[in-house]
Structure formats: C-alpha cells, structure tokens
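K.L.:
sequence unknown, structure follows:
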C-alpha cells in the first residue's frame, strides 16, 4: 500500500465550498478518501460534489453554518452518515474581517475567535471518540502567516491564528498517544475569498511575491501534496507541527 493512499479513510473538510478547503477536499478525494464537504453555501458544495463525481470520487455535501457552535454534536453525527465515522478532519473554515484595532467590537472579536479557534477544537473533540476507537486519526488545522507575524488590520485574526498554532500543539500532546496526529498548515498568500482584497492590489501582490524565497505567491494546487501527506500514513511520526506553506516567506 502506498504511504499516500487514502482509500478506506473518511474525511470531513470544513470551509469546503471555496478556496483552501475546497482544494483540500479535492486533493483528499483524488487520493482515495471518501470526503464530506462542509460549508455554508449549498449550491457551491453541490457543484464541487458533482465535479468530483466525474473523477470517480466519493463525496457528499453538508451545508452548515458553524457560527452556531451549539450544533457541533449534531454536525459530527451528520458528517458520519454518508460514509461512516470520520478518520480525518480538516478545519479550513475561517473568517478575516480585516478591521483596524479601533474598529474591533465585542461582536466581531467573538465571531473571529469562535469560527477560527473555538469551533476547530470542539468539532475535533466531537469526532475524537470514533478516531480513538480505531486507534488512528488525523486532525489538520489551518494556521496562517499571522500565527507568528503581525499584519496591519489583523489583530483579532492574528490572535485566533496564533491560538490555532498552540491549539495544534496542545491537541497533539493530548491525543497523539491514541494514534491521532494533529498538525497545522500555515499558508502564505493564496487566491481565496479571504485574500481577495490583497489580490485586487497588483502592487501589493507583487511586493508579497518578492518577499518569498521562491518568488511567487501560492497557487491552490500547492496545497495538494502537504494535505495528502498530513492525512496519510506518510506522516505517522509527525504531530504537533505548524508547517508553513509559504514559498519561504517566513524564511526571509
């Protein structure tokens, strides 16, 4: 069996209606996993499921607004209905309101921390018993350049993503002995809904590309290898790590 073969595994990917989550769902599906795509937009989820079906992938759509964290137990139960218990969780759903410090309200702070930090932990914990019973699981969080660096108009987002880095380490400490590895991917600048304001500014985009060691910003296809790697047996001895997928941005 290939170290990167995901046949027989069931994955749940949040934020899968677009951007990073959508691409990761596609990558895991093409590697053989049965994938439940979770997002807020039913039509976009259905379109992705239909697209992946043409490739022979087994996928299902689950339209949920994760802002309502009281329903996470129900979400976990519903996610297991199409293909069975979840083996792999990718927490890709997130929000970045890009507010100046003086514009942050209690409401916007709570929204950011809830979706970016609270939901990944409590959703993972709902899925934990099934992973523990198998003695195998993968939790992949989405961190950020702002997990370790401060950007303008990113205080709440940066706080949530700094928290994700530490949450990933704490999850690994708590659960890896049960066979459940927990890691995070920290993307650089990729074309997604959250980075649309950046991609609408060619001067800024070129400047950011110049800050990488490789000399370009990310493309969604760059997510495929690391996502499959961290979801598969190839990463059996890797846990508690935040891996920067940033073209060397943080190396300079």
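P.N.:
Everything's here; your move. Owing to the predicted nature of the structure, the values given are computational and were not obtained by experimental measurement.

K.L.:
remind me which residues of this protein are low pLDDT?
P.N.:
Low-confidence segments of the chain (pLDDT under 70): 1.

K.L.:
longest helix in it, please.
P.N.:
helix 155-175 (DSSP state H).

K.L.:
what are the buried residues along that helix?
P.N.:
Residues of helix 155-175 classed as buried by neighbour count (16 or more other C-beta atoms under 10 Å): 155-165, 167-169, 171-172, 175. Bear in mind the C-beta positions are built from the backbone N, C-alpha and C, glycine included.

K.L.:
and what of stretch 220-234?
P.N.:
Buried, per 16+ other C-beta under 10 Å, within stretch 220-234: 220, 222, 223, 224, 226, 227, 228, 229, 230, 231, 232.

K.L.:
what's the answer for stretch 16-26, then?
P.N.:
For stretch 16-26, a neighbour-count test (16+ other C-beta under 10 Å) marks 16, 17, 18, 19, 20, 21, 22, 23, 24, 25, 26 as buried.

K.L.:
would you turn those into CSV with distance to residue 216 and secondary structure?
P.N.:
Listed next are the buried residues of stretch 16-26 as CSV, based on distance: C-beta to C-beta, whole Å; DSSP: H, G, I helix; E, B strand; the rest coil:
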residue, distance to residue 216, secondary structure
16, 25, coil
17, 26, coil
18, 22, coil
19, 18, helix
20, 17, helix
21, 22, helix
22, 21, helix
23, 17, helix
24, 20, helix
25, 24, helix
26, 21, helix
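
K.L.:
which stretches in the stretch 51-200 of the chain count as helices?
P.N.:
In the stretch 51-200 of the chain, the helices defined using DSSP state H, counting those that start in this stretch lie at 72-79, 106-113, 119-134, 155-175, 196-199.

K.L.:
looking at the ones you listed, which is nearest to residue 50?
P.N.:
helix 72-79 (19.5 Å; C-beta to C-beta).

K.L.:
by contact count, what packs against that closest one?
P.N.:
strand 34-39, strand 59-63, helix 119-134 (3 or more C-beta pairs under 8 Å, 6 or more residues apart in numbering; DSSP states H and E).

K.L.:
the longest one - contacts with which helices or strands?
P.N.:
What that stands for is helix 119-134. Secondary-structure packing of helix 119-134 (3+ C-beta pairs under 8 Å, 6+ apart): strand 10-14, helix 72-79, strand 88-91, strand 137-142, helix 155-175, strand 180-187.

K.L.:
tell me the angle that helix makes with helix 155-175.
P.N.:
If you take axes from the mean of the first three to the mean of the last three C-alpha atoms, to 10 degrees, helix 119-134 sits at 20 degrees to helix 155-175.

K.L.:
do the second one as well
P.N.:
An angle of 130 degrees separates the directions of strand 59-63 and helix 155-175 when computed by the same axes, to 10 degrees.

K.L.:
buried sites along strand 59-63?
P.N.:
By neighbour count with 16+ other C-beta under 10 Å, strand 59-63 contains the buried residues 59, 60, 61, 62.

K.L.:
what's in contact with that strand?
P.N.:
Strand 59-63 is contacted from outside by 25, 29, 34-42, 45-46, 48-49, 52-53, 75, 78-79, 82-83, using C-beta atoms under 8 Å, 6 or more residues apart in numbering.

K.L.:
so how far is it off the chain centroid?
P.N.:
16 Å (C-alpha atoms, centre = their mean, to the nearest Å).

K.L.:
any idea of the angle that strand forms with strand 34-39?
P.N.:
Counting by the same axes, to 10 degrees, strand 59-63 lies at 20 degrees to strand 34-39.

K.L.:
what pairs with strand 59-63, parallel or antiparallel?
P.N.:
Counting by DSSP bridges, the strands paired with strand 59-63 are strand 34-39 (parallel).

K.L.:
now the partner strand, how far from the chain's geometric center?
P.N.:
Using C-alpha atoms, centre = their mean, the offset of strand 34-39 from its chain centre is 12 Å.

K.L.:
with stretch 189-204 instead?
P.N.:
Counting by C-alpha atoms, centre = their mean, stretch 189-204 comes out at 19 Å from the chain centroid.

K.L.:
right, I'll call it a day here.
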